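A.B. asks: A predicted structure for the sequence below; I have some questions about it.
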Amino acid sequence: EAQVTQNPRYLITVTGKKLTVTCSQNMNHEYMSWYRQDPGLGLRQIYYSMNVEVTDKGDVPEGYKVSRKEKRNFPLILESPSPNQTSLYFCASSTRTGGNQPQHFGDGTRLSIL
Amino acid sequence: RKEVEQDPGPFNVPEGATVAFNCTYSNSASQSFFWYRQDCRKEPKLLMSVYSSGNEDGRFTAQLNRASQYISLLIRDSKLSDSATYLCVVKWSGGSYIPTFGRGTSLIVHP
């Protein structure tokens, strides 16, 4: 089954404790992206990747890192999480950015930073 | 910054009603358009792409108006299960086709 898999689905942690949210897709998609979603603010892009070893900042990259060492994986790293990073996070992928290619989303990760 | 604007709603409609949402975009070079549906605390899911000539999928009709730079979504015979947030997505070549999401329009269908 074609899917985007995020882990963990839920995480409660404390300020300053490094964490990684994994994202994996099995569709051989070139483009992958991370979003955060907060009430009243909609989906905001954190980072995106056009292909292996190619990553770029989105609208709200501060406090986050990403890597794209393999095509299928695009982990989101919070080196020193803070309470303002408490949010619902989505990973998404698509075949390429151009044309009429929709994105496929993971189930989401709900992070709470205390 | 290129923007995609939606009325957040909520739109409260009775079952069976017809409801329409618009989404305006600021970049005339926009090339690809989509409507996504998002249920509370769930991931967005593609509802339908929007084609230049307009397209229909069952009770859902999507239209593109390039002159006025908006897309629309029409839902006929609303069902309780249509209650969700509807997200508009736009891509343009100048933005490397990176999708830009609207903030969504909330629809509540009541009995």
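C.D. replies: Nice, I can see it.

A.B. asks: Could you pull out the strands in chain A for me?
C.D. replies: A:4-7, A:10-13, A:19-25, A:31-38, A:42-51, A:54-57, A:65-66, A:76-78, A:87-94, A:104-105, A:109-113 (DSSP state E).

A.B. asks: same check, this time on chain B
C.D. replies: Under DSSP E, chain B gives strands at B:4-6, B:11-14, B:19-25, B:30-38, B:45-50, B:55-57, B:60-65, B:70-75, B:84-92, B:100-101, B:105-110.

A.B. asks: Can you give me the neighbour number for the residue nearest to B:Ala62 when sequence neighbours are not counted?
C.D. replies: Of all residues not flanking B:Ala62 in the chain, B:Val50 sits nearest, at 4.3 Å (CB to CB, 6 or more residues apart in numbering or on different chains). Backbone N, C-alpha and C define where each C-beta goes, glycine included. Residues within reach of B:Val50, counting by other CB atoms under 10 Å in any protein chain shown, total 24.

A.B. asks: Next, the contact list for B:Val50, please.
C.D. replies: The contact partners of B:Val50, by CB atoms under 8 Å, 6 or more residues apart in numbering or on different chains, come to B:33-35, B:62-64, B:71.

A.B. asks: Switch the strands of chain B over to CSV; also include mean pLDDT.
C.D. replies: Converted to CSV, the strands of chain B look like this (pLDDT from 0 to 100):
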stretch, mean pLDDT
strand B:4-6, 94
strand B:11-14, 97
strand B:19-25, 95
strand B:30-38, 91
strand B:45-50, 94
strand B:55-57, 95
strand B:60-65, 96
strand B:70-75, 97
strand B:84-92, 92
strand B:100-101, 90
strand B:105-110, 97
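
A.B. asks: doesn't B:Trp92 make contact with B:Ser30?
C.D. replies: Yes. Between B:Ser30 and B:Trp92 there is a contact at 4.3 Å, judged by CB atoms under 8 Å.

A.B. asks: Show me which residues of chain A sit near chain B.
C.D. replies: For chain A, the contact set with chain B under CB under 8 Å from any CB of the partner chain comprises A:35, A:40-43, A:45, A:48, A:50, A:88, A:90, A:96-108, A:110.

A.B. asks: List buried members of those by neighbour count.
C.D. replies: Applying 16 or more other CB atoms under 10 Å in any protein chain shown to the residues of chain A next to chain B, the neighbour count classes A:35, A:42-43, A:45, A:48, A:50, A:88, A:90, A:97, A:101-106, A:108 as buried.
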